[in-house]
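Engineer: missing the sequence, but the structure's below:
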């Protein structure tokens, strides 16, 4: 694969990062957003598995490496000014969020209240034993 | 409306901004991503119209103020760590992108090529005469 036709058009921010919005490839539900640097974007393109740069842990983060809940790339889109990516994925294991919810966006704001919305698919303590991924 | 139940949970970045992912409320297509500060998030909640902080122009940006292509808020979600918002909207005028495309994510990467994907709904020169919005 030649990834340069995409990477050359990506405008990385001052920290060398680009936000990656992740959608379920079937339902279009937004599952999460995380960040990639050039190396992890290239790794994502080459392996077909979503690979981020963890800003908090300052390390390469192959999504699902610990939990088995990997994300298989189905479609890649770049926005008009090149500073944001959308990936449509096949979410293995059903849950994208380390809290056990399908989507990280499981808090809904309505009627002046923030409430949980969505089903918890696994118990994070049982899966990670304290580790993210 | 009391917006504080949401705003108190939002983790703004070092520049005081939070990314807002915008989805079509019917199809779940991701239309764009832009940034809000606390004031424009509050304005969005109070008016029901998507209102951003333009990082390039350094000013409040009521989406559609120039073009008429406003975005009416239908649903609001916050992610697990509070640093990203999703808004589902009714996109008036059909096109979210200032280039005239329905979505800003109208470039698709496949087979080592970045190609245009989607229909251009209007001619930006005719709508803006050089101004964004």
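Structural biologist: Perfect, thanks for sending it. From a predicted model like this one, the values you see are computed outputs, not experimental measurements.

Engineer: neighbours around residue A:34, how many?
Structural biologist: Counted with other CB atoms under 10 Å in any protein chain shown, the neighbours of residue A:34 add up to 22. (C-beta placed from N, C-alpha, C; glycine too.)

Engineer: For the residue lying closest to it once chain neighbours are set aside, give the beta-bridge partners.
Structural biologist: Nearest residue to residue A:34, sequence neighbours excluded (CB to CB, 6 or more residues apart in numbering or on different chains): residue A:52, at 4.2 Å. Beta-bridge partners recorded for residue A:52 (DSSP bridges): residue A:61.

Engineer: mind checking how far residue A:52 is from residue B:59?
Structural biologist: 32 Å (CB to CB, to the nearest Å).

Engineer: Just want to know which of those two has more residues nearby.
Structural biologist: The neighbour comparison of residue A:52 against residue B:59 (other CB under 10 Å) goes to residue A:52, with 24 against 10.

Engineer: mind listing what the more buried one touches?
Structural biologist: A:20, A:34-36, A:40, A:60-61, A:63 (CB atoms under 8 Å, 6 or more residues apart in numbering or on different chains).

Engineer: Try it again at 6 Å.
Structural biologist: Neighbour list for residue A:52: A:34, A:36, A:40, A:61 [criterion: CB atoms under 6 Å, 6 or more residues apart in numbering or on different chains].

Engineer: Show me the residues you listed that map onto strands.
Structural biologist: Residues of the contacts of residue A:52 located in strands (DSSP state E): A:34, A:36, A:61.

Engineer: quick one: which of these is nearest to chain B?
Structural biologist: Chain B has its nearest neighbour among these in residue A:34, at 9.3 Å by CB to the nearest CB.

Engineer: What count of nearby residues applies to the closest residue to residue A:127 other than its chain neighbours?
Structural biologist: Nearest residue to residue A:127 in three dimensions, chain neighbours excluded: residue A:67, at 5.0 Å (CB to CB, 6+ apart). Neighbour count for residue A:67, taken as other CB under 10 Å: 19.

Engineer: Do you know the pLDDT at residue A:67?
Structural biologist: On pLDDT, residue A:67 comes in at 84.

Engineer: how about it, secondary structure?
Structural biologist: Three-state assignment for residue A:67 (DSSP: H, G, I helix; E, B strand; the rest coil): coil.
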